[in-house]
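Novice: Predicted model, plus sequence, below.
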Amino acid sequence: MSLEGQRIGFLGAGAMASALAGGLAAAGVPRARLAASEPDPSRRAAFESQLGSAVADNASLIARSDLVVLAVKPGVVAAVLDELASVAEAQRRRVLWISIAAGVPLLRLEAGLPAGSRVIRAMPNTPALVRLGATAFCANRAASASDRAAARELFAGVGSVWEAPREELLDPVTAVSGSGPAYFFLLIEALIDAGVENGLPADAARELALQTALGAASLARQSERSPGELREQVTSPGGTTQAGLARLAARDFRGAVADAVRAAAERSRELGRGA
């Protein structure tokens with residue numbers, strides 16, 4: 001399977017599903033091939049006005065789709081799949097399932113779907129909402145190379161994509177890129193607050209912090225130098241940056257980040273085990 005000519009359905013029409021559908025539309029996928037099922041009338045209306053058709057009934061969406069994105073809350077995945085058991089069985093050979101339900105492992109997804117179903121588990125992050133996301137995915141054994149290519153094409157519309165060779169790697173992925181935006185938002189908050197404490201007007205501190213974060217990330221992305229080399233480039237001996245970095249080192253900044261990633265990865269593992 002590739003996305004060429006495929007009918008793509010979204011179980012759920014929330015922010016992430018709408019972002020993915022928007023990425024596909026921007027890439028040239030016709031609205032006639034995009035659809036969503038959503039119980040909330042306002043979300044249905046928003047999806048239908050901007051992206052494609054929308055229905056209230058999940059089963060009718062499955063019956064008309066070649067690729068189904070499971071975009072519901074993790075806690076209702078089992079109930080939704082149980083509700084769809086008969087239609088999923090009828091469409092077993094045709095439908096590729098892609099789940100973006102955080103923390104729900106392939107084993108649980110397979111247990112709720114007919115035997116032999118082609119299933120891909122993906123972990124996108126919230127910057128996908130502005131098409132700057134980072135997504136990792138892993139496929140089950142039934143999924144083919146063309147199924148995996150379809151997943152790459154789907155998520156490429158909202159940012160970068162990495163195929164994990166083993167599902168357990170999605171736990172550190174969750175800790176780094178899934179939770180990572182929150183770490184950066186916290187750093188931006190801290191920079192704004194510190195700027196204000198040092199005399200900057202709040203609007204100036206916000207603009208300077210946001211533009212600095214955007215510029216630093218863009219430079220790191222485009223440069224041939226590593227982040228460490230870029231850091232050294234801006235750190236003059238005895239200068240202001242060195243003074244600031246010394247304080248961060250004294251507070252074990254790197255250790256705190258490492259602890260945060262370990263904690264998030266372990267929590268992801270616990271959620272995957274149903275804890």
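Specialist: Structure received.

Novice: State the mean pLDDT of stretch 15-31.
Specialist: For stretch 15-31, mean pLDDT is 92.

Novice: can you tell me how far the residue lying closest to Ala205 once chain neighbours are set aside sits from Glu207?
Specialist: Using C-beta to C-beta, 6 or more residues apart in numbering and skipping residues adjacent in sequence, the residue nearest Ala205 is Gly195, 3.3 Å away. C-betas here are computed from N, CA, C, even on glycine. Separation of Gly195 from Glu207 (C-beta to C-beta, to the nearest Å) stands at 10 Å.

Novice: Look at the two and report which has more neighbours.
Specialist: A direct count of neighbours by other C-beta atoms under 10 Å for Gly195 and Glu207 places Gly195 higher, at 18 against 14.

Novice: host element of the more buried one?
Specialist: In this structure, Gly195 sits in helix 180-197 according to DSSP states H and E.

Novice: doesn't Ala209 make contact with the residue nearest to Ala205?
Specialist: Yes - Gly195 lies in contact with Ala209 (C-beta atoms under 8 Å); the separation is 6.6 Å.

Novice: So Ala265: helix, strand or coil?
Specialist: Look at Ala265: counting by DSSP: H, G, I helix; E, B strand; the rest coil, its state is helix.

Novice: Assess the claim that it and Thr174 are in contact.
Specialist: Yes - using C-beta under 8 Å, Ala265 is in contact with Thr174, at 6.8 Å.

Novice: Give me the more crowded residue out of the two.
Specialist: Per other C-beta under 10 Å, whichever of Ala265 and Thr174 has more neighbours is Thr174, with 24 against 20.

Novice: Distance of that one relative to Gly228?
Specialist: 25 Å.

Novice: Could you do Leu11 as well?
Specialist: 43 Å.

Novice: So between these two, which is more surrounded?
Specialist: More crowded of Leu11 and Gly228, by other C-beta under 10 Å: Leu11, with 24 against 8.

Novice: and the residue lying farthest from the centre of the chain, how far is that from Phe253?
Specialist: Distance to the chain centre peaks in the chain at Gly238, reaching 40.8 Å (criterion: C-alpha atoms, centre = their mean). Applying C-beta to C-beta, the value for Gly238 to Phe253 is 20 Å.

Novice: Point out where the stretch 151-275 of the chain drops to low pLDDT.
Specialist: 275 (pLDDT under 70).

Novice: and if we set it to 80?
Specialist: Residue ranges of the stretch 151-275 of the chain with pLDDT under 80: 274-275.

Novice: the strands in the stretch 1-150 of the chain, which residues?
Specialist: In the stretch 1-150 of the chain, the strands defined using DSSP state E, counting those that start in this stretch lie at 8-11, 34-37, 53-55, 67-70, 96-99, 118-123, 133-139.

Novice: Mind putting those strands into a markdown table with distance to Gly22 and mean pLDDT?
Specialist: Formatted as a markdown table, those follow (distance: least, C-beta to C-beta, whole Å; pLDDT from 0 to 100):
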| stretch | distance to Gly22 | mean pLDDT |
| --- | --- | --- |
| strand 8-11 | 11 | 96 |
| strand 34-37 | 9 | 96 |
| strand 53-55 | 14 | 93 |
| strand 67-70 | 13 | 97 |
| strand 96-99 | 16 | 97 |
| strand 118-123 | 17 | 97 |
| strand 133-139 | 12 | 97 |
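
Novice: of all those strands, which lies closest to Leu219?
Specialist: For these, proximity to Leu219 was assessed by C-beta to C-beta; strand 133-139 is nearest, at 17.4 Å.

Novice: mind giving me the domain split of this protein?
Specialist: When the chain is parsed with automatic domain parsing, its domains come out as 8-167, 178-272.

Novice: Could you single out the most deeply buried of those domains?
Specialist: For the domains of the chain, the largest average neighbour count (mean count of other C-beta atoms under 10 Å) is found in domain 8-167, namely a mean of 19.

Novice: next one: that one to chain centre, how far?
Specialist: 12 Å (C-alpha atoms, centre = their mean, to the nearest Å).
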